[in-house]
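Got a sequence here, can you model it:
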Amino acid sequence: MTCPAQLGSTGSALDEASNALMQSGMIIGGNLATKIFDRKELDPCNALDYLVGKVRAAILAALDQEIQPLDITAAQYAVIVNLGNAQPGSIATLCKTLSYDPGAMTRMIDRLERKYLVKRLQSLDDRREKTLELTEAGFAIYLKISECNANVLRRLLEGFTQEEIKKLKSLMHKLLANT
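From the prediction side, this is the model:
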């Protein structure tokens, strides 16, 4: 995989913005502004956001390939896993959790219902709202895709020590705590 900055593109707005950031440094902080990156450290191919995005894309691509025989997409996977981990849930809650458009989510739930993986139930708290839960077949798929996810992570973390995995998780939690 080649970093776009290594392709030699010149004159784009992205290049100009990148150069401006590299010259000025990036200032981040709450009450106490801290200079996080200086010009030398702001290599676009080594930037944290770029690397996190590449890792996320690699995980999703590997997961898509792993779950393909189950006739489930990565987006459907996310819905099934969320429902499997916290049943029942509403479409609104899923949209918020997954940062998904309500209309697109409704269509996805329709597809999952046609596959008999998800069912809509009348909410006990609010009769205007429907809750979602996995069907028996949906829960069976949930167990299978959970194993697929574990397989993907085992492959991607090959060569890591348990201590490195623990540290990576700790750093990711620390990063998330700042959001």
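
could you pull out the helices for the chain?
Under the criterion DSSP state H, the chain carries helices at the ranges 13-24, 48-67, 74-85, 91-98, 102-114, 136-156, 162-177.

nearest to D125, of those helices?
Evaluated with CB to CB, these place helix 91-98 nearest to D125, the distance being 12.2 Å. Heads up, the C-betas are built off the backbone N, CA and C, glycines and all.

what's the distance between the most centrally placed residue in the chain and L156?
Taking CA atoms, centre = their mean, the centroid of the chain lies closest to R56, which sits 6.2 Å from it. In this view, R56 and L156 are 11 Å apart by CB to CB, to the nearest Å.

Low-confidence stretches in the chain?
1-42, 87-88 (pLDDT under 70).

can you do 90?
1-51, 60, 73-75, 78, 85-100, 121-131, 179 (pLDDT under 90).

and E113, what does it touch?
119-120 (CB atoms under 8 Å, 6 or more residues apart in numbering).

go on, L124?
If a contact means CB under 8 Å, 6+ apart, then L124 has T131 as its contacts.

and stretch 120-132, which residues are buried?
130-132 (16 or more other CB atoms under 10 Å).

Adding distance to S146, write those out as CSV.
Putting those into CSV (distance: CB to CB, whole Å) gives the following:
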residue, distance to S146
K130, 25
T131, 22
L132, 18
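
still on that earlier bit, most neighbours per residue, which of the helices of the chain?
Counting by mean count of other CB atoms under 10 Å, helix 74-85 has the highest mean neighbour count of the helices of the chain, with a mean of 19.

Tell me the helices and strands packed up against it.
helix 48-67, helix 91-98, helix 102-114, strand 118-122, strand 130-134, helix 136-156 (3 or more CB pairs under 8 Å, 6 or more residues apart in numbering; DSSP states H and E).

Of all those, which one comes closest to G84?
helix 136-156 (3.7 Å).

residue contacts, S90?
Applying CB under 8 Å, 6+ apart, the residues near S90 are 123, 129-132.

Let's see that with 10 Å instead.
96, 120, 123, 125-126, 129-132 (CB atoms under 10 Å, 6 or more residues apart in numbering).

Could you do F139 as well?
With CB under 10 Å, 6+ apart, F139 has these contacts: 80, 83-84, 87, 117, 133.

One more: A75?
Taking CB under 10 Å, 6+ apart as the test, what A75 contacts is 60, 64, 98, 100, 104-105, 108, 111.
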